[in-house]
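Q: got a predicted structure plus its sequence, pasted below:
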Amino acid sequence: MMKAPQEIVNQMMAGDYFSQWLGIDVQEIKLNYCRLGMKLRREMLNGFGIAHGGITYSIADSALAFASNSGGRKSVSIETSISHLISLKEGDELIAIATLESQTEKLGHYTIKVLLKESDKPVALFKGIVYRTSGIW
């Protein structure tokens with residue numbers, strides 16, 4: 001019997017120590033869709049006093065992982081890219097929303113928008129392609 005999307009993401013999060021360290025909150029998960037939240041902490045800032053680009057990349061990458069695995073097939077990223085639109089500071093709260101754009105038997109194409117929670121203003125745009133393995137959750 002196939003697991004429900006929430007069960008899959010719960011299982012993934014249990015062993016995803018990096019997403020746990022980021023403080024990611026899974027706000028919504030359904031088939032091929034994920035909404036995550038997190039708050040920027042001091043240790044996430046770079047030498048300019050703004051969020052390290054890897055932080056927005058990381059929340060988007062986690063959203064990609066959860067959305068692409070939510071259907072029950074174990075999926076791994078094979079290509080990703082990000083555009084950073086605005087800088088972020090300590091205390092900013094982010095939302096990452098991953099949605100499926102297209103899917104074949106072996107590949108899934110997703111877009112992830114990273115937004116500033118207080119205004120819904122886009123802070124980063126992320127695109128990801130996943131390889132859909134034959135493994136089942």
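A: Looks like it came in fine. Predicted, not measured: the structure shown is a model, and the values here were computed from it.
Q: which residues does stretch 65-72 contact?
A: With C-beta atoms under 8 Å, 6 or more residues apart in numbering as the test, stretch 65-72 has contacts from 2-3, 5, 8-9, 12, 16, 26, 29-34, 36, 75, 77, 98-100, 108, 110, 128, 130, 132, 136-137. Heads up, the C-betas are built off the backbone N, CA and C, glycines and all.
Q: cross these against strands and list the overlap.
A: Residues of those located in strands (DSSP state E): 26, 29-30, 33-34, 36, 75, 77, 98-100, 108, 110, 128, 130, 132, 136.
Q: make a PyMOL selection of the buried ones in those.
A: Typed into PyMOL, the line below selects the buried ones among these, using 16 or more other C-beta atoms under 10 Å:
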select buried, resi 26+29+33+34+36+75+98+100+108+110+128+130+132
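Q: run a quick neighbour tally on the closest residue to Gly23 other than its chain neighbours.
A: Nearest residue to Gly23, sequence neighbours excluded (C-beta to C-beta, 6 or more residues apart in numbering): Met38, at 5.1 Å. Applying other C-beta atoms under 10 Å, we find 23 other residues in the vicinity of Met38.
Q: kindly report the same for Lys127.
A: 16.
Q: again with Tyr131
A: Neighbour count of Tyr131, defined by other C-beta under 10 Å: 15.
Q: equivalent analysis for Ser87, please.
A: Neighbours around Ser87, by other C-beta under 10 Å: 13.
Q: Phe66 now?
A: 25.
Q: cheers, nothing more for now.
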